[in-house]
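In: kindly generate the corresponding structure for this input.
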Amino acid sequence: MTPVDHARSSAKKFGGMWHDYIELHEWFDETKALTGDWTHRSLRHHAFGIQESIKRFGHVITNLDGRQVPTKLLGEQHVREDCGFIPTVSDWTEALRSSPKEWMLKVKTKRKTLMEFTNATTKKEEMNNGTATTT
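Out: Alright, predicted model coming up:
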């Protein structure tokens, strides 16, 4: 479905006009610009994505009829129309966990403690100021 289709579905279910809901439905589907296919849904079409939509649009969207429609219900409607149910982020990432690509497993991070970072920064500043001492 397109965002307009979702918005029309919202208007049919909750009243108002489709343009009352289009911004929300465009937000859910704007990630399609990143992948160009169904995989974009893994980024927002889940329970956490619905919660993020509430942060972005507020708890309710007031339609043209003056009815305050809970954003959560609209987000759930969108995700159900596309996925058939409301998945979790873990549902989407299960395939990654069960069959990761080799490059995904080679990611290494070097963590510096605050003390290591502070000491390195202080020594660099001392060297630049000419106040460094040798030990």
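In: what pLDDT, on average, does the helix or strand harbouring L96 get?
Out: If you go by DSSP states H and E, L96 is part of helix 89-98. This predicted structure assigns helix 89-98 an average pLDDT of 89.
In: pull the distance from the very next helix or strand once past that helix to the chain's centre.
Out: In the C-terminal direction, the helix or strand that comes right after helix 89-98 (DSSP H and E) is helix 102-105. Mean C-alpha position of helix 102-105 versus that of the full chain (Cα atoms, centre = their mean, to the nearest Å) differs by 23 Å.
In: try stretch 81-97
Out: Going by Cα atoms, centre = their mean, the spacing between the C-alpha centre of stretch 81-97 and its chain's C-alpha centre is 13 Å.
In: buried set for that stretch?
Out: Within stretch 81-97, the residues that count as buried by 16 or more other Cβ atoms under 10 Å are 86-87, 92. Quick note: C-beta positions are derived from backbone N, CA and C, even for glycine.
In: can you tell me which of these lies nearest to D20?
Out: Comparing these against D20 with Cβ to Cβ picks out I86 as the nearest, at 22.3 Å.
In: surely that closest one touches I50?
Out: Yes. Because the distance of 7.1 Å satisfies Cβ atoms under 8 Å, I86 is recorded as touching I50.
In: which residues are in contact with both of those two?
Out: Residues touching both I86 and I50 by Cβ atoms under 8 Å, 6 or more residues apart in numbering: 76, 79.
In: re earlier: possible to save the buried residues of stretch 81-97 as a markdown table with distance to G15?
Out: As requested, these are exported to a markdown table (distance: Cβ to Cβ, whole Å):
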| residue | distance to G15 |
| --- | --- |
| I86 | 23 |
| P87 | 28 |
| W92 | 32 |
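In: ok, of those, which one's closest to T35?
Out: Minimum separation from T35 among these (Cβ to Cβ) is found for W92, which lies at 12.7 Å.
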